[in-house]
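Chemist: Here is my input; please provide its structure:
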Amino acid sequence: MLATADISAEVPSRFQEPLLEIDRLGVQFGKQQVLRDISISVPAGETLVVLGESGCGKTVLLKNMIGLVRPTRGEVRFEGKSLAKMHGRELAHLRTRYGFVFQQAALFDSLTIFDNIAFPLREHTRISHAEIREIVLSLLAEVGLPDSVGMKKPAELSGGMRKRAGLARALALDPQLILYDEPTTGLDPIMSDVVNELILKVRSRPEVTSVVVTHDMQTARKVADRIIMLYPLPRLAADEPQIVFSGTPADLDRSSDPRVRQFVEGRAGNRLMEMPEGRSGDLKRTVKETHES
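Modeler: The predicted structure is shown next:
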């Protein structure tokens, strides 16, 4: 069993009152347990990054934070109130205080970018068309897109532009909490850094709290006030915590936990040896044929 001395639940002193609390959360789909005994407190104003390899439950955790997935055990509280105890209308109203930036932007293909960004304003407010236009154009400018992009369909934009349009839509209702699901996946290094800069820019808005799920170390180091790292349950003993690290980006670089070091340094280690025999044999044959050709 690995030591967990690196794990610290302390929150930087400049952050005080918790906006979002996750208390002994567990999630299970059928016989498959995805999250186990997760407890996290996210103070107002903090940017929390959730790291971890594919399949460790990062996105499931994010969906629990917004009530899209209900926990098997434990609870999620927003400003002290349990999401599980909210009725449908109350939960729907709460979600207007969230902004969600989806991994693939999740824009409506049949709508223009302008109408995509305007959608939450039309659904949840009664402001005039002129006011909506002013807000949408302001949001396009905030994420670095020209007004002309508003008349295009999502299919006409690059991946980076779609991500920025998705962020603009997430900001439309001036949310308190913004959740980012793999915001730089599929982007080149330059566009990834553009998105990182936008996350930092959004963080400067008054009273905005952010949770960023990613496996991108560049993003984690650049935007995080605090980082936690999840580990896949099948690789843990029954009594080992699933959060194997919690601390600042500087703490992450100093961590001596081999699980953390392997992830941070991007090393395959013994994972290649864990491939099924059939796939391993195929790989060996491919390598041999390559050398012989």
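
Chemist: Please count neighbours and contacts with C-alpha atoms only from this point.
Modeler: Noted.

Chemist: mind listing the strands in the stretch 101-250 of the chain by residue range?
Modeler: With strands called from DSSP state E, counting those that start in this stretch, the stretch 101-250 of the chain shows them at 177-181, 209-213, 226-230, 243-247.

Chemist: Please compute how far the first one lies from its chain's middle.
Modeler: This points to strand 177-181. Relative to its parent chain, strand 177-181 has a centroid offset of 6 Å by CA atoms, centre = their mean, to the nearest Å.

Chemist: which one of the strands of the stretch 101-250 of the chain lies closest to Lys81?
Modeler: strand 177-181 (15.0 Å; CA to CA).

Chemist: For the closest one, which strands pair with it and how are they oriented?
Modeler: strand 98-101 (parallel), strand 209-213 (parallel) (DSSP bridges).

Chemist: Burial-wise, tell me which of those comes out on top.
Modeler: Of all the strands paired with strand 177-181, strand 209-213 carries the top mean neighbour count, a mean of 25, counting by mean count of other CA atoms under 10 Å.

Chemist: Rounded mean pLDDT for it, please.
Modeler: Strand 209-213 comes out with an average pLDDT of 95.

Chemist: ok and it relative to strand 226-230, angle-wise?
Modeler: Inter-element angle recorded for strand 209-213 and strand 226-230: 40 degrees (by axes from the mean of the first three to the mean of the last three CA atoms, to 10 degrees).

Chemist: Tabulate the strands of the stretch 101-250 of the chain (CSV), appending distance to Ala92.
Modeler: Rendered in CSV, the data for those read as follows (distance: least, CA to CA, whole Å):
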stretch, distance to Ala92
strand 177-181, 15
strand 209-213, 19
strand 226-230, 28
strand 243-247, 30
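
Chemist: Which of those sits closest to Gly55?
Modeler: Judged by CA to CA, the one of those that comes nearest to Gly55 is strand 226-230, at 9.8 Å.

Chemist: what pLDDT does Pro234 get?
Modeler: The model's pLDDT for Pro234 equals 90.

Chemist: That one: neighbour count?
Modeler: 11 (other CA atoms under 10 Å).

Chemist: Number the chain from 312, please
Modeler: In the new count, where the first residue is 312, that last one comes out as Pro545.

Chemist: Redo the strands paired with strand 488-492 as JSON lines? Include distance to Val571.
Modeler: As requested, the strands paired with strand 488-492 are exported to JSON lines (distance: least, CA to CA, whole Å):
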{"stretch": "strand 409-412", "distance to Val571": "26"}
{"stretch": "strand 520-524", "distance to Val571": "16"}
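
Chemist: Could you check which helix or strand contains the residue nearest to Val387 when sequence neighbours are not counted?
Modeler: Closest residue to Val387 apart from its sequence neighbours, by CA to CA, 6 or more residues apart in numbering: Ile333 at 4.6 Å. Ile333 is part of strand 329-340 when elements are defined by DSSP states H and E.

Chemist: Against which helices or strands is that strand packed?
Modeler: With contacts taken as 3 or more CA pairs under 8 Å, 6 or more residues apart in numbering; DSSP states H and E, strand 329-340 sits against strand 343-354, strand 384-389.

Chemist: can we see that at 10 Å?
Modeler: Under the contact definition 3 or more CA pairs under 10 Å, 6 or more residues apart in numbering; DSSP states H and E, strand 329-340 sits against strand 343-354, helix 369-376, strand 384-389, strand 392-393.

Chemist: Okay, angle between the longest one and strand 329-340 too, please.
Modeler: Think strand 343-354. 180 degrees.

Chemist: helix or strand right after strand 343-354?
Modeler: With secondary structure assigned by DSSP H and E, strand 343-354 is succeeded by strand 358-362.
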